[in-house]
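A.B. asks: After the sequence you'll find the predicted model.
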Amino acid sequence: MTWLRLVLGVLLLANIATAVAIAHTHHRHRQVFVELSREEKIEDALEIEFSQLQLEYSVYAKSALIDQIAHEKLGMVRPEAKEIVVVRR
């Protein structure tokens, strides 16, 4: 009878320890999920910024290419400040 009580006591302690471990694991899972969500929002913001930078780069790259073609193929040059005339109403 005493060994039966001992086994039941050990099983009760194991059951309590398992319940505490499960609660701790669920809590940690929630923390990690919140952190993951936060990082995904940061990733989305960075993806948007990267797309905008790529668009900006393509605009500048096209502008530089147009300048190069105008200079090399058409012999065009940028006017100097004294050559620019501002027409006003």
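C.D. replies: Sure thing, it's come through. Residues are numbered from 1 along each chain as shown.
A.B. asks: Tell me which residue lies nearest the centroid of the chain.
C.D. replies: Central residue check for the chain by CA atoms, centre = their mean: the C-alpha nearest the mean position is that of Glu43, 1.5 Å away.
A.B. asks: Kindly provide the distance from that one to Gln52.
C.D. replies: For Glu43, the distance to Gln52 equals 15 Å [CB to CB, to the nearest Å]. (Glycine included, C-beta is placed from N, CA and C.)
A.B. asks: thinking again about what came up before, average model confidence for the helix or strand containing the residue nearest to the centre of the chain?
C.D. replies: With secondary structure defined by DSSP states H and E, Glu43 is part of helix 2-72. Per-residue confidence for helix 2-72 averages out to 94 on the pLDDT scale.
A.B. asks: for it, the distance to its chain's centre please.
C.D. replies: 10 Å (CA atoms, centre = their mean, to the nearest Å).
A.B. asks: Can you name every helix or strand that that helix contacts?
C.D. replies: Helices and strands touching helix 2-72, by 3 or more CB pairs under 8 Å, 6 or more residues apart in numbering; DSSP states H and E: there are none.
A.B. asks: Just give me the neighbour total for Val10.
C.D. replies: Counted by other CB atoms under 10 Å, the residues lying close to Val10 total 10.
A.B. asks: tell me the contacts of it?
C.D. replies: When contacts are counted by CB atoms under 8 Å, 6 or more residues apart in numbering, Val10 is found next to no other residue.
A.B. asks: Can you give me the distance of it to Thr2?
C.D. replies: Counting by CB to CB, the gap from Val10 to Thr2 is 13 Å.
A.B. asks: Repeat that for Val34.
C.D. replies: 48 Å.
A.B. asks: Please identify which of those two sits among more neighbours.
C.D. replies: Using other CB under 10 Å, the more surrounded residue of Val34 and Thr2 is Val34, with 10 against 6.
A.B. asks: distance of the more buried one from His26?
C.D. replies: Applying CB to CB to Val34 and His26 gives a distance of 13 Å.
A.B. asks: cool, and Leu65?
C.D. replies: As defined by CB to CB, Leu65 lies at a distance of 57 Å from His26.
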